[in-house]
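**Student:** how would this look folded up:
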Amino acid sequence: MITILLLSSAAMAETVVNSKQVYLVEKGDYLCKIAQKLGVDWKGIAQVNGIAEPWIIHPGQKLVIPQKEILTKKAVEPKAEIVETNSEKGQKIYSVQPGDSLYKIGHQVRANWEEIALANKIIKPWIIYPKQKLVIPQNVWRKVGGNPYKGTWQWALDQFNLPPKIKSQVKNNIESNRFQWLENGLRNGQVVDSITFGKNEIWDNVKCSWFDDRKAESTKDYGVGNIHVLLVFKCGNWVLWKEKPGIRPIEKKPEKKVDVPPVPVYSPQPKAKFPSVPLFKGPASFPPVPVYVPPKKGRTIFSDFDLLAGGGKYRTIPRSYDAKGHYYWTKGRWRFLSWQLGDDSKLLQELQLGLFGFAARGRGNDEAYNYRWSQLNWGLTGKLIGPHWDADIDLGIWGKLKNEGGSGLYRSEQVDSIHFPRYLSAHLNLYGRRDKGEKWLPKTEFNAEMRWAKVEAHNHYWDDNRLKPDPNDNRTLAFSVRQAIYDFEPTKHFRVTPEFNLVYSREYGYEEPNFLQIGPSVTLGWYNQDIISVSVFNYKRQLGGPARQLHPIAGWISLSGIIKAIHASQIKEAKPEDLKVSATPDQFSEVTTSDSNLLIFATY
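**Tutor:** Below is the predicted model:
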């Protein structure tokens, strides 16, 4: 047997739409500007055209402009109806309807949409298809206080669907602050009927699954008999628990008045007609588009960018030998071509191509020898994207490296070329464990870099006598691994990840030394973007030689990651008027969506 959840078409509002209007995007346009020019809501334009990331549109793009509609009936939110159940596995199955999104489905069936995505192994939760079958899992309450309820007790009571007589008694208990403390509290492993979260969000059939098996939460019970209407003291969430005989074999004690200070009742607040939209790993929070169409294979033109800047300091140890220096760098990538190669079942799903640029400078001293250097590169960049991995490859086309310095009678000036194919940088991210919600060892990074410089011009003098240059000078190979240890999440959208670094490098020249570097680092993430990384007290030593260095601090900041995180943080709650946009059936067939997966990674 299969559970099918159907939407009642009679619940939809009847609207009248004027003839279709199409707008051609010009250079410098953005949705808000277009909406002001045409006198419509920019959110309506984004919804009708299936634009999941409203800050990205392209010159020459054609946009369907929704006309102002005349509502002849009040819109009623469609209600999901359970027709059948899978008796063998106890699962509920939902059949996706046109216009659905995971958040909308979760709201209708009173389930956590993130748990729906996890149960159905949906990597990109903003892409689902009509008639797709989704397993609706049991809801799990993982953290008390993680998403406190911000609505009113009146709204919560209305959602519990209690018998009128019981509801009236519970209402009087809450208004007069008559309650009992729930014996033994609300315990880990307990299954309750309903729980409220956030701003007017509710789940049904919820299992309490907290980290500490022995933990119990202090809970006020305003209910009647075996129908418990609970207020969790720590977070303010309202809970409905219809106790069944034998579920809690604890001896009932005579009711008595608890002599505790009165607790103020939540003051009434304006009812929110639509719940806030949570954020997931992608632009899932925008109002649902009329129809989701699977992405087509082939080349598309889009714009994605990375912009990073970093630097660091180093010095020799012990300090009896005085050598130290510092450096700073910036790297940018602009990818403007994309090929869709397959769906989520393929190892390689997407290929992106574009250009990159790299610039670095540094200076320091080695005893009495003072030096400074600079490097410039530009070339081609490519990005490969898979289900739980991605890789960046930068191939230099043109590059220059300049070194100069001096000490006493010695002077040195050298210019090296790093033209194709003498510069190569590659970066691989593996984050399958993070996608599965694992905290330990959530991500692994591999990096490789080659700089095979060629002497172009040199001036090396000792007391005005010209010296022969080293033809292999400034040629290096480096390989590194960065292992994330644990994802700490102090808030819902902020992540702190300590890491361990291991680097092997080889410098070619007269001495040809090999080096090994180890040490810790930490990376900060915001709205699923890595924005800052800092390495501290990394130790570098020459293999088979005496040279030793300490890198007290180094790091980088992702400017593009910050911009994308700010965009994500500004996506606000959808209001009912934002959703009052309609289109004719012929317009629906023309609406398409694209998956511009904006990811930001860097080669260090």
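
**Student:** only C-alpha atoms for contact and neighbour calcs from this point on.
**Tutor:** Fine.

**Student:** surely I166 is in a helix?
**Tutor:** Yes: looking at I166 with DSSP: H, G, I helix; E, B strand; the rest coil, it is inside a helix.

**Student:** and the helices in the protein?
**Tutor:** Per DSSP state H, the chain carries helices over the ranges 31-38, 42-48, 102-109, 113-119, 153-159, 164-175, 432-435, 559-569, 585-588.

**Student:** present those as JSON lines; the columns should include mean neighbour count and mean pLDDT.
**Tutor:** Formatted as JSON lines, these follow (neighbours: other CA atoms under 10 Å; pLDDT from 0 to 100):
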{"stretch": "helix 31-38", "mean neighbour count": "15", "mean pLDDT": "81"}
{"stretch": "helix 42-48", "mean neighbour count": "23", "mean pLDDT": "83"}
{"stretch": "helix 102-109", "mean neighbour count": "20", "mean pLDDT": "81"}
{"stretch": "helix 113-119", "mean neighbour count": "19", "mean pLDDT": "84"}
{"stretch": "helix 153-159", "mean neighbour count": "17", "mean pLDDT": "87"}
{"stretch": "helix 164-175", "mean neighbour count": "14", "mean pLDDT": "90"}
{"stretch": "helix 432-435", "mean neighbour count": "16", "mean pLDDT": "88"}
{"stretch": "helix 559-569", "mean neighbour count": "18", "mean pLDDT": "86"}
{"stretch": "helix 585-588", "mean neighbour count": "13", "mean pLDDT": "39"}
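
**Student:** including distance to S218, could those helices go into CSV?
**Tutor:** Output for the helices of the chain, formatted as CSV (distance: least, CA to CA, whole Å):
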stretch, distance to S218
helix 31-38, 48
helix 42-48, 43
helix 102-109, 28
helix 113-119, 26
helix 153-159, 18
helix 164-175, 17
helix 432-435, 33
helix 559-569, 33
helix 585-588, 51
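
**Student:** closest one to G406 among those?
**Tutor:** helix 559-569 (36.3 Å; CA to CA).

**Student:** and the closest one, what other elements does it pack with?
**Tutor:** strand 298-316, strand 529-542 (3 or more CA pairs under 8 Å, 6 or more residues apart in numbering; DSSP states H and E).

**Student:** let's see the last one as CSV, backbone CA atoms only.
**Tutor:** Listed in CSV are the C-alpha atoms of strand 529-542, where the atom choice follows Å, rounded to 0.1, in the frame of the first residue of the first chain:
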residue,chain,number,x,y,z
GLN,A,529,30.0,29.6,2.9
ASP,A,530,33.6,29.3,4.2
ILE,A,531,34.5,32.9,4.8
ILE,A,532,37.6,33.0,7.0
SER,A,533,40.4,30.5,7.7
VAL,A,534,43.4,31.0,10.1
SER,A,535,46.4,28.7,10.6
VAL,A,536,48.4,29.3,13.9
PHE,A,537,51.9,28.0,14.9
ASN,A,538,52.5,25.7,12.0
TYR,A,539,56.0,24.1,12.1
LYS,A,540,58.1,23.7,9.0
ARG,A,541,61.3,21.6,8.9
GLN,A,542,63.8,20.6,6.2
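
**Student:** between it and helix 559-569, how big is the angle?
**Tutor:** In terms of direction (axes from the mean of the first three to the mean of the last three CA atoms, to 10 degrees), strand 529-542 departs from helix 559-569 by 150 degrees.

**Student:** given strand 529-542, what are its sheet partners and their directions?
**Tutor:** strand 514-526 (antiparallel), strand 548-558 (antiparallel) (DSSP bridges).

**Student:** count residues in the vicinity of K383, would you?
**Tutor:** 20 (other CA atoms under 10 Å).

**Student:** before we move on, back to that, which one of the helices and strands packed on helix 559-569 has the lowest average pLDDT?
**Tutor:** Comparing mean pLDDT across the helices and strands packed on helix 559-569, the weakest is strand 298-316, with a mean of 79.

**Student:** just want the most central residue of this protein.
**Tutor:** Nearest to the geometric centre of the chain sits N528, at 2.5 Å (CA atoms, centre = their mean).

**Student:** you'd agree it is up against K492?
**Tutor:** No: contact criterion CA atoms under 8 Å: N528 and K492 do not qualify, at 10.4 Å.

**Student:** distance of the residue nearest to A323 when sequence neighbours are not counted from S505?
**Tutor:** Spatial nearest neighbour of A323, chain neighbours left out: D366 (4.3 Å); criterion: CA to CA, 6 or more residues apart in numbering. Taking CA to CA, to the nearest Å as the measure, D366 falls 20 Å from S505.

**Student:** who has more neighbours out of the two?
**Tutor:** The neighbour comparison of D366 against S505 (other CA under 10 Å) goes to S505, with 19 against 15.

**Student:** show me where pLDDT drops low in the stretch 201-350 of the chain?
**Tutor:** 210-217, 245-303, 319-321, 344-345 (pLDDT under 70).

**Student:** which residues of the stretch 151-300 of the chain fall in strands?
**Tutor:** Under the criterion DSSP state E, counting those that start in this stretch, the stretch 151-300 of the chain contains strands at 180-181, 186-187, 191-197, 201-208, 216-217, 219-221, 227-232, 238-242, 298-316.

**Student:** now these in TSV, with mean neighbour count and distance to T523?
**Tutor:** Formatted as TSV, these follow (neighbours: other CA atoms under 10 Å; distance: least, CA to CA, whole Å):
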stretch	mean neighbour count	distance to T523
strand 180-181	16	43
strand 186-187	20	35
strand 191-197	22	30
strand 201-208	21	31
strand 216-217	14	33
strand 219-221	25	38
strand 227-232	22	35
strand 238-242	23	36
strand 298-316	18	13
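
**Student:** can I get the helices and strands packed on helix 559-569 in a markdown table with distance to Y371?
**Tutor:** Listed next are those as a markdown table, based on distance: least, CA to CA, whole Å:
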| stretch | distance to Y371 |
| --- | --- |
| strand 298-316 | 14 |
| strand 529-542 | 21 |
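
**Student:** P98 is in contact with P130, isn't it?
**Tutor:** Yes: in terms of CA under 8 Å, P98 counts as a neighbour of P130; the distance is 5.4 Å.

**Student:** gap between the two ends of stretch 44-63?
**Tutor:** 11 Å.

**Student:** can you check stretch 218-237 too?
**Tutor:** 12 Å.

**Student:** how far does it sit from its chain's centre?
**Tutor:** Put simply, stretch 218-237 sits 34 Å off its chain's centre (CA atoms, centre = their mean, to the nearest Å).

**Student:** when you give positions from now on, start the count at 79
**Tutor:** Happy to do that; since the first residue is 79 now, the last one works out to stretch 296-315.

**Student:** residue contacts, G224?
**Tutor:** K570 (CA atoms under 8 Å, 6 or more residues apart in numbering).

**Student:** what about 10 Å?
**Tutor:** 275-276, 313, 568-570 (CA atoms under 10 Å, 6 or more residues apart in numbering).

**Student:** point out where the stretch 129-278 of the chain drops to low pLDDT.
**Tutor:** Using pLDDT under 70, the stretch 129-278 of the chain drops low at 146-169, 262-263.
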